[in-house]
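K.L.:
Sequence and predicted structure are below.
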Amino acid sequence: MIKPLSLPNSLQKKILFWLAINITIALSFVGCAIYYIALSQANELSDYHLTQSAYLLADNLSEIEIDNSPTTDTDSLIDSQLQADLEADKLNDQMIGQAWDKDRNLIYNSSAEIELTLYKDSGLKTITYNNEQWRVFNENRKNISVQIAQPLKVRNKKAFNLAINLVIPFLALFPIMLITSHFIVKANLKPLHAIANTLDNSDFSKLQPLASNYCTVQELHPIYRAINELLARLGDSINKQQALIADAAHELRSPLTALKLQVQLMERSKDAQPIKNQLTKLNERINRTSHLIEQLLTLAYQELTNLNAEPLTAIDINSLIDKILEEYEPTLITQQLTIHKPLPTTPVYLVGREKDFYILFKNLIVNAIKYTPKQGSITLQLQQTTNSVIFNLIDTGKGIAATERERVFDRFYRCAGDNTTGSGLGLAIIKKILEFYQASIELMDNPNTQGLWVKVCFPNINQN
């Protein structure tokens with residue numbers, strides 16, 4: 001079985017391959033064009049030669065008194081120079097001359113082997129004789145008819161030979177053109193090799209964009225720009241990863257140290273009651289550490305994962321908020337908190353990942369529960385307009401000072417005087433999710449009493 005032709009994997013070889021194909025096609029077209037031009041010129045010259053030879057032969061024979069006796073030698077009556085020319089034409093161009101008297105008797109034939117029929121119409125024509133095409137010119141006069149003929153294969157051969165002679169120099173240039181193209185292509189691909197060498201020798205702990213001198217070729221602009229954008233994203237991701245690791249190490253050091261001290265105190269204590277108290281505190285710190293680790297993992301997911309690669313679906317925000325409230329119903333009952341939820345009766349959809357919206361609304365609601373005192377209230381509102389979906393959360397907690405409302409979105413930031421348990425990552429995670437969905441968040445004072453008003457605005461990309 002014949003295997004299909006496979007192209008080389010090298011870009012340089014592919015360019016040279018297709019260049020050779022194009023040159024070959026171009027030479028073929030040039031050769032065909034030269035052949036047809038040469039054939040046209042050969043036909044024109046040969047027709048002219050036929051015409052002139054017929055005129056000369058007719059003029060010569062018209063001046064001679066010819067009788068029809070068998071002893072008459074017509075060849076001896078023709079001018080010697082004309083006879084020589086006709087013989088040369090017969091030898092070189094396979095042209096034959098014939099003449100008839102007024103009674104249509106053949107009185108002259110330069111070829112003993114070929115005898116063409118006399119055609120009545122004067123002028124040029126193409127005929128077929130013995131399955132071969134001939135070009136014929138007739139000159140009919142008062143007392144004589146002359147006919148000069150030539151096979152067309154002679155003209156075709158001449159045109160072909162002429163075309164070959166003209167194409168040979170181009171064929172000789174073909175390898176020279178390929179060798180020259182090889183060096184030109186190789187020289188123009190040097191910027192690609194330079195970019196590859198630069199990337200190979202790059203220190204990925206300190207990523208720098210490619211210098212502009214690599215972008216000297218216009219076709220490399222998209223590659224140059226894409227590589228620099230990729231390096232920028234990669235550098236940003238590495239910086240975030242390093243910052244997250246440093247922050248995590250710093251924040252985990254304190255609770256782990258506290259856990260270690262708690263265990264040491266339990267080891268030294270011999271009474272059951274102190275040990276029980278220490279176990280309670282140990283359990284609280286373990287829960288706090290688990291919450292911190294969970295928040296760190298969530299933040300790492302938001303910062304280091306390519307969220308654009310994950311599928312998006314339409315999420316019913318009403319049902320999602322109800323689900324979160326059900327999870328924290330025991331806490332709401334314990335703290336005697338009142339939930340006001342004037343949500344729309346019809347579903348409100350946002351397009352995205354359910355996990356993102358769950359983390360977002362859970363962190364907002366949990367913060368409100370955490371900072372709202374007993375017998376307080378939390379109001380949840382969801383509004384859908386033509387251009388946006390707006391979520392409002394209003395609590396009766398102590399609120400956030402206006403001077404700290406920007407900083408609370410920083411990782412591990414805790415407001416002054418905040419003694420509640422927490423990681424300081426909740427609002428940082430919320431901000432990261434909102435940035436991905438091009439949404440905004442605004443912190444304001446409760447318009448009716450003490451507390452915080454959180455307003456989140458999403459672009460309206462809902463689906464029914």
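P.N.:
Perfect, thanks for sending it.

K.L.:
Tell me which helix or strand Q438 sits in.
P.N.:
Here Q438, judged by DSSP states H and E, is contained in no helix and no strand.

K.L.:
Spatially nearest residue to it (excluding sequence neighbours)?
P.N.:
P459 (5.8 Å; CB to CB, 6 or more residues apart in numbering). In this view, the C-beta of every residue, glycine as well, is placed from N, C-alpha and C.

K.L.:
N387 is in contact with the one you found, correct?
P.N.:
Yes - using CB atoms under 8 Å, P459 is in contact with N387, at 7.4 Å.

K.L.:
who has more neighbours, these two?
P.N.:
Neighbours of P459 and N387, each counted by other CB atoms under 10 Å, are more numerous for P459; the result is 14 against 8.

K.L.:
who touches that one in this structure?
P.N.:
387-389, 437-439 (CB atoms under 8 Å, 6 or more residues apart in numbering).

K.L.:
ok, now L118?
P.N.:
98, 100, 104, 138, 145, 147.

K.L.:
if you set the cut-off to 10 Å instead, what comes out?
P.N.:
Neighbouring residues of L118 by CB atoms under 10 Å, 6 or more residues apart in numbering: 98-100, 104, 106, 136, 138, 140, 145-147.

K.L.:
Show me the two of those that sit farthest apart.
P.N.:
The distance between the two most remote of the contacts of L118 (CB to CB) is 16.2 Å, for R104 and V136.

K.L.:
what about those two, which has more around it?
P.N.:
V136 (22 against 9).

K.L.:
Look up how far E327 lies from the nearest residue to that one once chain neighbours are set aside.
P.N.:
Among residues not flanking V136 along the chain, A149 sits closest, at 4.5 Å (CB to CB, 6+ apart). Going from A149 to E327 by CB to CB, to the nearest Å gives 108 Å.

K.L.:
same thing with S122?
P.N.:
112 Å.

K.L.:
same deal with V456?
P.N.:
20 Å.

K.L.:
ok now do L39, which residues does it touch?
P.N.:
152, 155-156, 158-160, 162-163 are the contacts of L39 under CB under 10 Å, 6+ apart.

K.L.:
try 6 Å
P.N.:
By CB atoms under 6 Å, 6 or more residues apart in numbering, L39 lies in contact with A159.

K.L.:
Where does it fall, secondary structure wise?
P.N.:
Once you assign secondary structure using DSSP H and E, L39 falls within helix 11-62.

K.L.:
For the helix or strand hosting V185, buried residues please.
P.N.:
According to DSSP H and E, V185 maps onto helix 152-188. Buried positions in helix 152-188, judged by neighbour count with 16 or more other CB atoms under 10 Å: 152, 154-156, 158-160, 162-163, 167, 185.

K.L.:
Mind giving me the packing neighbours of it?
P.N.:
Counting by 3 or more CB pairs under 6 Å, 6 or more residues apart in numbering; DSSP states H and E, the packing neighbours recorded for helix 152-188 are helix 11-62.

K.L.:
what's the angle from the helix it packs on to helix 152-188?
P.N.:
Helix 11-62 runs at 160 degrees relative to helix 152-188, counting by axes from the mean of the first three to the mean of the last three CA atoms, to 10 degrees.

K.L.:
now T117, what's its secondary structure?
P.N.:
Three-state call for T117 (DSSP: H, G, I helix; E, B strand; the rest coil): coil.

K.L.:
Next one: it from A232, what distance?
P.N.:
89 Å.

K.L.:
quick one on the thing from earlier: for the residue nearest to Q438, give its distance to T385.
P.N.:
From P459 to T385 the distance is 11 Å (CB to CB).

K.L.:
How about R141?
P.N.:
Distance from R141 to T385, by CB to CB: 105 Å.

K.L.:
can you check Y224 too?
P.N.:
For Y224, the distance to T385 - CB to CB - is 43 Å.

K.L.:
what does N239 give?
P.N.:
N239 is 38 Å from T385, by CB to CB.

K.L.:
returning to what we had before: tell me the pLDDT at the residue nearest to Q438?
P.N.:
Looking at P459, its pLDDT is 87.

K.L.:
In terms of helices and strands, where is the residue nearest to V136?
P.N.:
Here A149 is assigned to strand 144-151, by DSSP H and E.

K.L.:
what do you get for T379?
P.N.:
Applying DSSP H and E, one finds T379 within strand 377-384.

K.L.:
Tell me the buried residues in stretch 224-235?
P.N.:
224, 227-228, 231, 235.

K.L.:
and of these, the nearest to A401?
P.N.:
Out of those, the member with the shortest distance to A401 (by CB to CB) is G235, at 35.3 Å.

K.L.:
so is that closest one in a helix, a strand, or just coil?
P.N.:
Classified using three-state DSSP, G235 is helix.

K.L.:
pLDDT wise, what is it at?
P.N.:
At G235, pLDDT is 72.

K.L.:
I'd like to know how far it sits from E229.
P.N.:
Counting by CB to CB - G235 and E229 are separated by 11 Å.

K.L.:
one step back: neighbour count for S122 and E327, which is higher?
P.N.:
S122 (15 against 11).

K.L.:
these two touch, right, the more buried one and N138?
P.N.:
Yes - contact criterion CB atoms under 6 Å: S122 and N138 qualify, at 4.9 Å.

K.L.:
so where's the stretch 201-350 of the chain uncertain?
P.N.:
Counting by pLDDT under 70, the stretch 201-350 of the chain has low-confidence residues at 202-220, 237-238, 240-310, 343.

K.L.:
returning to what we had before: and which of the contacts of L118 is nearest I400?
P.N.:
V136 (110.3 Å).

K.L.:
need the contact list for that closest one.
P.N.:
Applying CB under 6 Å, 6+ apart, the residues contacting V136 are 125, 127, 149.
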